[in-house]
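1. What would the 3D arrangement of this be:
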Amino acid sequence: MFIRAYLRASTKDQDASRAKDDLFAFAAERGLTIAATYTENESGASLKRPELFRLLEDCQPGDVLLVEQVDRLSRLNSEDWETLKTLIASKRVRVVALDLPTSWMMATADRDDIASRMVEAVNGMMLDMLAAFARKDFTDRRRRQAQGIAKAKEAGVYRGRPEDTKRNTAILGMLRAGQTWSSIIAATGCSRSTLSRLSKRVTEDG
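-> Numbering: from 1, shown residues only. Model prediction:
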């Protein structure tokens with residue numbers, strides 16, 4: 001059994017590695033070792049998360065996917081959450097989240113078959129519930145944000161998010177130098193959507 005830690009932040013302003021110490025402390029308290037960490041800056045509302053899927057590809061049956069919070073794993077809509085759950089189940093991966101105490105026993109060695117099934121059933125229900133709460137929180141915040149923007153536009157005071165010109169200039173230089181997207185994301189923490197937009201600017205500039 002390998003413990004694989006997944007660290008995610010949704011924007012360049014969030015540090016996906018901030019929870020790393022907590023995950024390693026959780027494992028150490030139980031005499032466990034984290035075999036690998038997978039870090040990315042992508043939205044939990046999207047299935048377009050290459051590091052998460054690389055983690056699952058690396059997993060063997062019985063491995064543990066360790067996250068700080070369930071919303072680090074999913075803010076997905078119900079259809080996409082079912083897709084992700086199906087993949088996790090097919091790989092026979094155990095999901096353990098620090099904010100889901102019912103999952104903590106999943107990080108220990110195998111139990112007898114009946115106890116294992118009971119723990120997995122309870123954990124599955126709790127995981128579904130927290131994933132639904134995470135999705136609701138995401139949609140509520142997006143709705144409030146849209147309402148705030150609409151009011152600001154009506155008042156003529158909305159200016160949008162200012163461009164990080166210093167960072168974007170550096171990224172444009174990296175793109176023109178032929179650096180890979182993965183290396184640029186690792187170096188700058190920018191999102192793939194930002195990188196895609198700047199890449200188009202390089203293409204347009206010739």
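2. Just give me the neighbour total for residue 41.
-> 24 (other C-beta atoms under 10 Å). (C-beta placed from N, C-alpha, C; glycine too.)
3. can you pull out the strands in this protein?
-> 3-9, 34-41, 64-67, 94-97 (DSSP state E).
4. who does the longest one pair up with?
-> It stands for strand 34-41. strand 3-9 (parallel) (DSSP bridges).
5. Out of the helices and strands in the chain, which is least certain?
-> helix 113-155 (a mean of 75; mean pLDDT, DSSP states H and E).
6. quick one on the thing from earlier: between the strands of the chain, which one is closest to residue 183.
-> strand 34-41 (13.7 Å; C-beta to C-beta).
7. could I get that closest one in PDB with only the CA atoms?
-> Output of strand 34-41 as PDB, limited to C-alpha atoms (Å, rounded to 0.1, in the frame of the first residue of the first chain):
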ATOM      1  CA  ILE A  34       3.900   9.300   1.800                       C
ATOM      2  CA  ALA A  35       5.400   7.800  -1.300                       C
ATOM      3  CA  ALA A  36       4.700  10.700  -3.600                       C
ATOM      4  CA  THR A  37       3.000  14.100  -3.800                       C
ATOM      5  CA  TYR A  38       1.100  15.500  -6.800                       C
ATOM      6  CA  THR A  39       0.600  19.300  -6.900                       C
ATOM      7  CA  GLU A  40      -1.400  21.400  -9.300                       C
ATOM      8  CA  ASN A  41      -3.200  24.800  -9.600                       C
END
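8. ok, and for that strand, which residues are buried?
-> 34, 37-38, 40-41 (16 or more other C-beta atoms under 10 Å).
9. Make CSV from those residues and add distance to residue 25 to it.
-> Converted to CSV, these look like this (distance: C-beta to C-beta, whole Å):
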residue, distance to residue 25
34, 10
37, 14
38, 18
40, 22
41, 23
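10. Lowest pLDDT pick from the residues you listed?
-> Lowest pLDDT among these: residue 41, with 85.
11. So in terms of bridging, what pairs with residue 40?
-> residue 8.
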